[in-house]
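Colleague: Predicted model follows, preceded by the sequence.
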Amino acid sequence: MAKFTQVQLATRWHISPRTLEQWRWLGKGPKFLKIGARVLYDEADIEAFEAAQLCQNTHGPLSPERK
């Protein structure tokens, strides 16, 4: 599986890299690997996070039984 840097993931999602920094600090977003100052996101973790964010309405993500 591919690994994404913070900048690559931010580009994929059309968000600021700073948003990902804030999410890490808040414990939100996909799992990440941190080695020294380097942060990497595994493609499988990104896809799992994206799947968990699927919504059918504005009330929030779908419940597991509705996916």
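Modeller: Perfect, thanks for sending it.
Colleague: When you work out contacts or count neighbours from here on, use the C-alpha atoms and nothing else.
Modeller: OK.
Colleague: Name the nearest residue to residue 42, ignoring sequence neighbours.
Modeller: residue 3 (4.6 Å; CA to CA, 6 or more residues apart in numbering).
Colleague: confidence score at the one you found?
Modeller: What the model reports as pLDDT for residue 3 is 97.
Colleague: Sketch out the strands for this structure, chain order is fine.
Modeller: With DSSP state E as the criterion, the chain has strands at 3-5, 33-35, 38-42, 55-57, 60-61.
Colleague: Relative to residue 22, which of those strands is closest?
Modeller: Smallest distance to residue 22 across those (CA to CA): 13.1 Å, for strand 38-42.
Colleague: Against which helices or strands is the closest one packed?
Modeller: With contacts taken as 3 or more CA pairs under 8 Å, 6 or more residues apart in numbering; DSSP states H and E, strand 38-42 sits against strand 3-5, helix 6-13, strand 33-35.
Colleague: The residue nearest to residue 42 touches residue 44, doesn't it?
Modeller: No - counting by CA atoms under 8 Å, residue 3 sits too far from residue 44 to count as a contact (9.0 Å).
Colleague: In terms of neighbours, single out the busier of these two.
Modeller: Using other CA atoms under 10 Å, the more surrounded residue of residue 3 and residue 44 is residue 3, with 17 against 14.
Colleague: and residue 11, how many neighbours?
Modeller: Residue 11 has 12 neighbouring residues, counting by other CA under 10 Å.
Colleague: which residues touch it?
Modeller: Residue 11 makes no contacts at all, as judged by CA atoms under 8 Å, 6 or more residues apart in numbering.
Colleague: How much space separates it from residue 20?
Modeller: Residue 11 is 11 Å from residue 20, where distance means CA to CA, to the nearest Å.
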